[in-house]
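Asks: one predicted model, sequence on top.
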Amino acid sequence: MPTLGNAPDQQPATGELAVTTASLDDWHEVAQWAADEEWNPGRGDAACFHPVDPAGFFLGRRAGRTVSAVSVVNYSDAYAFLGYYLVHPDHRRQGLGLATWRAAFPHAGARTVGLDAVPAQQDTYRRAGFAPAHETLRYAGRPVGPGTPTPDVVPVTRAHLDAVADYDRRCFPADRRAFVTRWLTAPGHTALGYLRDGAIAGYGVLRPARSGHRIGPLFADTPAAAEALFDALAASVDPAGEIVIDVPGPRQAAHALVTSRGLRPQSHTVRMYTGPVPPVEQERTFGVTSLELG
């Protein structure tokens, strides 16, 4: 939920703050901040996220100490996503978030920028040029009542990578082929595909988080395919473990799926954009990849 810390219309700090791009090693500290804020990030998220756009991760430092962060990741010439907007608790209410935002945001250029805002910050982001599109609900719980396993669900192998990346592009506003390859093959990640007549008709990924496991994305042609993928992913973890998934508000079939499996709403965010979003097949989204990177 990348909107904690200082809001974009607060007064900026004076002097001293140096905003620079962050290396992957630098970003591990920010990932820990996100964990401290109970965003429950995946344990290996940073290693998958950072290479998408290494120039799009920013730190604010003062007196040699990291005090603020934001990512503005360019996926394509038309689309970027803003996340990890954080100020360390010891340094809030000093305008450091605004100063970091102002230094980082031009990285997006003329692209449409998306973000997921906590509801309390929605008006703030409106003033910064963002318009709300829909809510996203976070569900969490111990899954119950899985369906019968189906042979249509198979582990994603390297032979499937191109087909899965092509499918992902139908569901996401930009081609993120390199990221998808890392996401599918990262240590600890379980990636499953749904086959129809031998072709990919959906896929899902489960990964270990700071608490329990997270499913994301969960993309599928039909509710039945999404159910089969969800059940197979859930079956791969300890039945006593918690699963977390972020579901777009308009996707009623997705909400019905996760509630039928015993998950309950935990929190919600508001997806917002600065301009037109490249078209996607929204009906195939049953769970988003990440609130931090879209």
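Replies: Done, it's in.

Asks: quick one: least confident helix or strand in the protein?
Replies: The helix or strand of the chain with the poorest confidence is helix 122-127; it has a mean of 90 (mean pLDDT, DSSP states H and E).

Asks: distance from the chain centre to it, please.
Replies: 20 Å (CA atoms, centre = their mean, to the nearest Å).

Asks: so which other helices or strands are in contact with that helix?
Replies: On a contact count with 3 or more CB pairs under 8 Å, 6 or more residues apart in numbering; DSSP states H and E, helix 122-127 meets strand 112-117, strand 264-273. Every C-beta, even on glycine, is put in place using the N, C-alpha and C of the backbone.

Asks: would you map the strands across the stretch 51-200 of the chain?
Replies: Taking DSSP state E, counting those that start in this stretch as the test, the strands found in the stretch 51-200 of the chain are 57-62, 65-74, 79-87, 112-117, 131-141, 153-155, 190-196, 199-208.

Asks: could I get those strands as JSON lines with mean neighbour count?
Replies: Converted to JSON lines, the strands of the stretch 51-200 of the chain look like this (neighbours: other CB atoms under 10 Å):
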{"stretch": "strand 57-62", "mean neighbour count": "22"}
{"stretch": "strand 65-74", "mean neighbour count": "24"}
{"stretch": "strand 79-87", "mean neighbour count": "27"}
{"stretch": "strand 112-117", "mean neighbour count": "23"}
{"stretch": "strand 131-141", "mean neighbour count": "17"}
{"stretch": "strand 153-155", "mean neighbour count": "16"}
{"stretch": "strand 190-196", "mean neighbour count": "20"}
{"stretch": "strand 199-208", "mean neighbour count": "23"}
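
Asks: which stretch among those strands comes nearest Glu37?
Replies: strand 79-87 (7.2 Å; CB to CB).

Asks: the inter-axis angle of that closest one versus strand 112-117?
Replies: Orientation note: strand 79-87 sits at an angle of 40 degrees relative to strand 112-117 (axes from the mean of the first three to the mean of the last three CA atoms, to 10 degrees).

Asks: average pLDDT for strand 79-87?
Replies: Averaged over strand 79-87, pLDDT sits at 95.

Asks: what about that strand, distance to the chain center?
Replies: Between the centre of strand 79-87 and the centre of its chain there are 10 Å (CA atoms, centre = their mean).

Asks: quick one: strands adjacent to it?
Replies: Sheet pairing of strand 79-87 (DSSP bridges) gives strand 65-74 (antiparallel), strand 112-117 (parallel).

Asks: ok, which of these comes nearest Thr181?
Replies: strand 65-74 (16.6 Å).

Asks: distance to Ala47 for the helices and strands packed on helix 122-127 - can I get that in JSON lines?
Replies: As requested, the helices and strands packed on helix 122-127 are arranged in JSON lines below (distance: least, CB to CB, whole Å):
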{"stretch": "strand 112-117", "distance to Ala47": "21"}
{"stretch": "strand 264-273", "distance to Ala47": "24"}
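
Asks: which of these sits closest to Leu96?
Replies: Leu96 lies closest to strand 112-117 among the helices and strands packed on helix 122-127, at 18.6 Å (CB to CB).

Asks: on that earlier part again, relative to Arg102, which of the strands paired with strand 79-87 is closest?
Replies: strand 65-74 (10.0 Å).
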